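Undergrad: okay, here's the prediction I keep looking at, along with the sequence it came from:
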Amino acid sequence: MDALDYRMTNSIIAKCLNISIKEILPEMHLIYDCMADSLMLMDLFIELENYYHIKFTSNNIENIETVDDIYKFLRAI
């Protein structure tokens, strides 16, 4: 991913998890640091699917715990 994709990904994360884009760090845990609940996470994955035209499987979702995990997944597609 290039810098634009990181910015857009962070924008989606910030919007879906109700946090400031300036607060987002790769090591942030989506549940413990970002305080995301299951509905927020589903919204996040749906928004990422729509933007990147991809599909997350339940296995993909189970393996994503941090912001960096999202980056790694998106770089791998």
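TA: That came in fine, so what should we check first?
Undergrad: so where is the protein shaky, pLDDT-wise?
TA: When residues are selected by pLDDT under 70, those of the chain lie in 1-4.
Undergrad: the residue nearest to Tyr6 when sequence neighbours are not counted: neighbour count?
TA: Nearest residue to Tyr6 in three dimensions, chain neighbours excluded: Tyr71, at 7.2 Å (CB to CB, 6 or more residues apart in numbering). Yep, even glycine has a C-beta here, placed from its N, CA and C like the rest. The number of residues packed around Tyr71, counting by other CB atoms under 10 Å, is 16.
Undergrad: with Glu65 instead?
TA: Taking other CB under 10 Å as the neighbour definition, Glu65 ends up with a count of 13.
Undergrad: the chain should start at 682 in everything you say after this.
TA: All set: I'll call the first residue 682, so the last point we hit is now Glu746.
Undergrad: quick check: the gap between it and Leu698.
TA: When CB to CB, to the nearest Å is the yardstick, Glu746 and Leu698 sit 14 Å from each other.
Undergrad: which residues do these two both contact?
TA: Common contacts of Glu746 and Leu698, defined by CB atoms under 8 Å, 6 or more residues apart in numbering, comprise Leu711.
Undergrad: so where do the helices sit in the chain?
TA: 684-698, 719-733, 739-743, 748-757 (DSSP state H).
Undergrad: export those helices to TSV and tack on distance to Pro707?
TA: Converted to TSV, the helices of the chain look like this (distance: least, CB to CB, whole Å):
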stretch	distance to Pro707
helix 684-698	10
helix 719-733	15
helix 739-743	18
helix 748-757	4
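Undergrad: and those: which comes nearest Glu704?
TA: The closest of the helices of the chain to Glu704 is helix 684-698. By CB to CB, the value is 7.9 Å.
Undergrad: who's in contact with the closest one?
TA: With contact meaning CB under 8 Å, 6+ apart, helix 684-698 is reached by 682, 700-702, 704-705, 711, 715-717, 721, 724-725, 728-729, 732, 748, 751-752, 755.
Undergrad: could you dump it to PDB, C-alpha only?
TA: Extracted C-alpha coordinates of helix 684-698, given in PDB (Å, rounded to 0.1, in the frame of the first residue of the first chain):
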ATOM      1  CA  ALA A 684       0.800   6.500   1.800                       C
ATOM      2  CA  LEU A 685      -2.600   7.400   0.400                       C
ATOM      3  CA  ASP A 686      -4.000   3.900   1.300                       C
ATOM      4  CA  TYR A 687      -2.600   4.300   4.800                       C
ATOM      5  CA  ARG A 688      -4.400   7.600   5.200                       C
ATOM      6  CA  MET A 689      -7.600   6.300   3.800                       C
ATOM      7  CA  THR A 690      -7.400   3.100   6.000                       C
ATOM      8  CA  ASN A 691      -6.700   5.300   9.000                       C
ATOM      9  CA  SER A 692      -9.600   7.500   8.100                       C
ATOM     10  CA  ILE A 693     -11.900   4.500   7.900                       C
ATOM     11  CA  ILE A 694     -10.700   3.200  11.200                       C
ATOM     12  CA  ALA A 695     -11.100   6.600  12.900                       C
ATOM     13  CA  LYS A 696     -14.700   7.000  11.500                       C
ATOM     14  CA  CYS A 697     -15.800   3.500  12.400                       C
ATOM     15  CA  LEU A 698     -14.200   3.400  15.900                       C
END
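Undergrad: having no further points to raise, I will conclude here.
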